[in-house]
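1. Quick one, structure for this:
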Amino acid sequence: MIQRYSGKKLYLMASPAIDSAWLSSSSEPCCKSLNVCIEEANPADILPVLEGPMSSVSDNSNIPKPPPLRSKMCTRTKYSKRPLDCSIVPRETKDTWDKLFKEGYGADVCIITEDESCVLAHSNVLSIASPVLGNVLRLSKVKHGKKYIKISGVPNGAVCVFIRFLYSSCYVKEELKKFVLPLLVLSHSYSVPALKRVCICILEQGWLTRENVIDVLQLARNCDASRLAFICVRMVVKDFKSISSTEGWKVMKRANPALEQELVEAVVEADTRKQERQRKMEEKKIYLQLYEAMEALLHICKDGCRTIGPRDKVLKGSQVTCNFPACKGLETLVRHFSNCKTRVPGGCVHCKRMWQLLELHSRMCNEPDSCKVPLCRHFKEKMQQQSKKDETKWKLLVSKVVAAKNSVGSFSSRRSGLS
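-> Numbering: from 1, shown residues only. Here you go, the predicted structure:
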C-alpha cells in the first residue's frame, strides 16, 4: 500500500501487526533546528608557558610574580543566584488537566477523526502545545461557536491519546503501545517532541520484530528519527537472512528498490568489516606467538628449561610446568634441529622454521656480543649481504611483532601478573 505523507511518498509494508490505514495525506511535518553555541576559550585567559631555562630554587629574582587577583567587579558569577528551574508537577495538577480534556468544559474546538467522531478540545491548549495546530486553528473559521479541524488517516483512539498528551503529558501504556506508530506520525507532523521521544523509546525497547522492522525503518526515516532508523538497519544487518524473506521486505523491494540496494550494501560492508577484523586478530595472534617464541628461545638458551639448556647449566630433569607457553614446542624444535641430518635451510621444514626463528631473534636482539642464542652474531653479519627486498620484509615482520607485543603488554609482565 502506498500512502502520501509530508509531501513525500511513504511506503508502508504489509505486516500483520500494523494497520497501514491510519497514514494521513493532510499531515504537515514541522521540523525545528537546534542551534548550539560553543564559546571558545580566550587565549588571554590562559597563562603563558615560561620560556628560557629554569633557574635554581634559591634564585628568587627570576621567578615571575603571580598575576593579580581579579577584582569582584569584573568577575562573572559562575552560577546564578536565582533558583534553578524545576519540573515537579503534582499529580493533582495532571489530574486537573486530564479532567479538563475528558469533560471538555468550555471547549471551542471540535476535532473530526477518521470515523467522523468528534474530540472536544481548547484552542489555547492546542496552540501552546503544538505550534502546527496553532497555525491550523488560526486559519480555520468559526462555525456555531466552535472551530472544526480534521485529523484523518489515523484511528480515533490514536487521536484521543494524542490530544490527551497535549493536555497533561499522561497516557495509558497499553494504549500508547497499541497506537505507537500513528502516534509517532502525529508527534512528528504536529511538532510534539516529548511524545515523539516516548514513541521512539517504546519502539527501541523490544517492540521491533523481523516482520515489522522494514516498515518501522521507512517510517523512522520519514519522521526524522535517525537513532531508530539506525537501530532498524543494524537489526537488518544482524539478521538479514530471515528478514529478507518476510512479506515486508518483498513489498519494499517492489516499492522502494533504492532502499533495498542500500540495505544490501550495508550487509556486504558489515561482512567485509567482520572478515577484516577477524583477519587482523588472527594476524596479531600469530605475531604475538612469534614474540612469545623469542622470549622462550632466550629463556632456553640463557637459563635452561627442564632437560634442555646451555652447556654451563646443570639441569635436574625437573618436570615442573614452565611459565613460557611456547617453551614446550620450541624445546621439541630445538631437539630436532640438533639431531637432524639435513639441517640445511630449505631441506627440512622443521629446520627451516628454526633458522627463521634464529634470524628473527638476531634482528630483535640488541646485545649480539653477549647473547647466548646460537648464531645471533652470524645473522647480524648476514644482514649486510641481503637484498633490499629481503631486508624490507624482515623489518616489516620485526615491527609487527613488536607492535603486537606492545598492544597487549610484554609477555614477562603478563606472566608475573598471573603468578
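2. my guess is Tyr379 contacts Leu357, does it?
-> That one is not Tyr; residue 379 is Phe. No: Phe379 is beyond contact range of Leu357, at 10.7 Å (criterion: C-beta atoms under 8 Å). Any C-beta I mention is one placed from the backbone N, CA and C, and that applies to glycine too.
3. can you tell me the helix or strand for Lys147?
-> strand 146-150 (DSSP states H and E).
4. helices or strands up against that strand?
-> Here strand 146-150 touches strand 109-112, helix 131-139, going by 3 or more C-beta pairs under 8 Å, 6 or more residues apart in numbering; DSSP states H and E.
5. So, low pLDDT: which residues of the chain?
-> 1-62, 70-89, 306-321, 343-346, 408-419 (pLDDT under 70).
6. which stretches of it form strands?
-> When secondary structure is read from DSSP state E, the chain shows strands at 2-5, 8-11, 109-112, 118-121, 142-143, 146-150.
7. returning to what we had before: need the winner for burial among the helices and strands packed on strand 146-150.
-> strand 109-112 (a mean of 20; mean count of other C-beta atoms under 10 Å).
8. what's the neighbour count on Ser407?
-> Ser407 has 10 neighbouring residues, counting by other C-beta atoms under 10 Å.
9. Tell me who's in contact with Leu203.
-> Neighbouring residues of Leu203 by C-beta atoms under 8 Å, 6 or more residues apart in numbering: 180, 184, 216, 220, 228.
10. What is the nearest of the residues you listed to Lys241?
-> The shortest approach to Lys241 among those belongs to Val216, at 19.1 Å (C-beta to C-beta).
11. quick one: the closest one from Asn256, how far?
-> 14 Å (C-beta to C-beta, to the nearest Å).
12. So for the two, which sits in the more crowded spot?
-> Legend: neighbour count by other C-beta under 10 Å for Val216 and Asn256, higher for Val216 (27 against 17).
13. That one against Met235, yeah?
-> No: between Val216 and Met235 there is no contact under C-beta under 8 Å: 9.4 Å.
14. Mutual contacts of those two, please.
-> In contact with both Val216 and Met235: Leu208, using C-beta under 8 Å, 6+ apart.
15. mind listing what Arg377 touches?
-> 362, 368-369, 371.
16. Just among the residues you listed, which is most surrounded?
-> Neighbour tally across those (other C-beta under 10 Å): the maximum, 22 neighbours, falls on Ser362.
17. Name all residues that make contact with that one.
-> Ser362 is in contact with 368, 373, 375-380, 383, counting by C-beta under 8 Å, 6+ apart.
18. How about Ser168?
-> Here Ser168 is in contact with 94-95, 97-98, 101 (C-beta under 8 Å, 6+ apart).
19. Would you mind measuring from the residue nearest to Lys253 when sequence neighbours are not counted to Met252?
-> Leaving aside its sequence neighbours, Lys253 sits nearest to Glu260 (C-beta to C-beta, 6 or more residues apart in numbering; 4.9 Å). Going from Glu260 to Met252 by C-beta to C-beta gives 6 Å.
20. So between the two, which is more surrounded?
-> Shown here are Glu260 and Met252; by other C-beta under 10 Å, Met252 has more neighbours (22 against 17).
21. So what's the residue count around Lys302?
-> Lys302 has 14 nearby residues by other C-beta under 10 Å.
22. do the same with Lys352
-> 15.
23. What separation is there between it and Glu359?
-> 11 Å.
24. And Ala270, by the same measure?
-> Between Ala270 and Glu359 the computed distance is 40 Å (C-beta to C-beta).
25. Would you mind listing the buried residues in stretch 260-274?
-> 260, 263, 267, 270 (16 or more other C-beta atoms under 10 Å).
26. Need the contact partners of it.
-> Under C-beta under 8 Å, 6+ apart, the answer for stretch 260-274 is 233, 236-237, 240, 249, 252-253.
27. ok, Leu228 touching Asp215?
-> No: counting by C-beta under 8 Å, Leu228 stays clear of Asp215, with 12.0 Å between them.
28. which residues are in contact with both of these two?
-> The contact lists of Leu228 and Asp215 share no entry, where a contact means C-beta under 8 Å, 6+ apart.
29. rewinding a little: redo the contacts of Leu203 as CSV? Include distance to Leu297.
-> As requested, the contacts of Leu203 are exported to CSV (distance: C-beta to C-beta, whole Å):
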residue, distance to Leu297
Val180, 64
Leu184, 64
Val216, 58
Ala220, 58
Leu228, 56
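30. In ChimeraX, how would I select the buried members of these?
-> Buried members of those, defined by 16+ other C-beta under 10 Å, are picked up in ChimeraX with:
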select :180,184,216,220,228
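31. In helices, which of the contacts of Leu203 fall?
-> 180, 184, 216, 220, 228 (DSSP state H).
32. Closest one of those residues to Cys322?
-> Leu228 (55.0 Å).
33. From Asn222, how far off is the closest one?
-> 11 Å.
34. Ok, Asn156 next?
-> From Asn156 to Asn222 the distance is 23 Å (C-beta to C-beta).
35. Can you mark which positions in stretch 208-226 are buried?
-> 208, 210-223, 225.
36. Revised request: answer the last question for stretch 107-125.
-> Buried-residue list, stretch 107-125, by 16+ other C-beta under 10 Å: 107-114, 119-123, 125.
37. swap in stretch 174-191?
-> Result for stretch 174-191 [16+ other C-beta under 10 Å]: buried residues 176, 179-191.
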